[in-house]
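Colleague: Fold the following and give me the result.
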Amino acid sequence: MPAAATAAKSPISVGNNPKMYNERYCEYLFVHAVPNGSGTGAKLVGDVWNTFGLNKCPADKWAASDKTSLAALFPGTLVVKINGPRYWLINNATITWDSRIDARGGTVRQFPGLKMRFLTSVDVPLSAISAGGMAPYAETVVNRRTNFNWSRKYPIHELVSPAGKVYAMQAYSQIVDKTLKLKNLAALGSKLALPAGWKYRTRKLKKDLTLRTSGASTVLQDELQNTYQLEK
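Modeller: You can find the predicted model right below:
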């Protein structure tokens, strides 16, 4: 059983930290049903617990993750998503929580073998449960207040939709392709099964890119479960 959660005394802040880029992290998502806000029915929400800043998600500990045991830790859990390992492509970030919205924000607790911090919650479509994961190239909403910064020192990898929406890769994943590394990302477009009209590109930033989210951000994943955030 996890130890009792320890509340954060202040918001986590990963400032100008060059080690954040290409740093490994892992997450557990505990999916449960909550009222949808209209007074009728319910929606699915995934509570996100994250290792970053607490440990580097040791491979042996991560491999021992057990969905059944984890689900039992939080009554009402419908599905546990084992989400990782992942590697950040942002150079630095800040995240803040409003305790009036969710008092768990920033709390830390010990799971079997891994310490994690509660980050946020994400809307989970019902189709994701039946399909075993999020549909690639489909937008979803993450509830958070963050500043994510992509440094001009590093190339940025983006998806562009047929409508001209641009999404910046915030983290690459070794969930599907366990051999995927930073050096492979420039040529990733030739490996992705992009839907008609979609483009993948790598470019050099002229200046740092900061995406500020005041309550909800739009994200999507490709079929390798690399994660992108909407720029515009």
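Colleague: For the most centrally placed residue in the chain, which non-adjacent residue is spatially closest?
Modeller: Nearest to the geometric centre of the chain sits Thr227, at 6.8 Å (CA atoms, centre = their mean). In this structure, Thr227 finds its nearest non-sequential neighbour in Ala171, 4.9 Å apart by CB to CB, 6 or more residues apart in numbering. C-beta coordinates here come from the backbone N, C-alpha and C atoms, glycine included.
Colleague: Identify the residues contacting the one you found.
Modeller: When the contact criterion is CB atoms under 8 Å, 6 or more residues apart in numbering, the partners of Ala171 are Tyr25, Arg86, Tyr87, Trp88, Leu89, Ile90, Asn226, Thr227.
Colleague: Just the ones of these in strands?
Modeller: The subset of these located in strands under the criterion DSSP state E comprises Tyr25, Arg86, Tyr87, Trp88, Thr227.
Colleague: Which strand residues bridge the last one?
Modeller: Thr227 has the following beta-bridge partners by DSSP bridges: Ala171, Gln221.
Colleague: returning to that earlier point: OK, contacts around the residue nearest to the centre of the chain?
Modeller: The neighbours of Thr227, taking CB under 8 Å, 6+ apart as the test, are Arg86, Met169, Gln170, Ala171, Ser173, Val219, Leu220, Gln221.
Colleague: I figured the first one hits Arg24, correct?
Modeller: Yes - under the criterion of CB atoms under 8 Å, Arg86 lies in contact with Arg24, with a separation of 7.2 Å.
Colleague: Which one's more surrounded, the two?
Modeller: Under the criterion of other CB atoms under 10 Å, the comparison of Arg86 against Arg24 puts Arg86 first, with 24 against 19.
Colleague: Could you measure from that one over to Leu224?
Modeller: Taking CB to CB, to the nearest Å as the criterion, Arg86 is separated from Leu224 by 11 Å.
Colleague: Find residues that contact each of the two.
Modeller: With contacts taken as CB under 8 Å, 6+ apart, Arg86 and Leu224 have Tyr172, Ser173, Ile175 as neighbours in common.
Colleague: does the second one really touch Gln225, like I thought?
Modeller: Same thing as Ser173. Yes - taking CB under 8 Å as the definition, Ser173 is a contact partner of Gln225 at 4.4 Å.
Colleague: ok, back up a step: could you dump the contacts of Ala171 into a markdown table and include pLDDT and distance to Leu209?
Modeller: Below are the contacts of Ala171 laid out as a markdown table (pLDDT from 0 to 100; distance: CB to CB, whole Å):
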| residue | pLDDT | distance to Leu209 |
| --- | --- | --- |
| Tyr25 | 96 | 21 |
| Arg86 | 97 | 19 |
| Tyr87 | 97 | 18 |
| Trp88 | 96 | 14 |
| Leu89 | 97 | 11 |
| Ile90 | 95 | 9 |
| Asn226 | 97 | 17 |
| Thr227 | 97 | 16 |
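Colleague: Nearest to Leu119 among those residues?
Modeller: Top of the list for closeness to Leu119, among those and by CB to CB, is Tyr25 at 10.3 Å.
Colleague: This completes my enquiry, with thanks.
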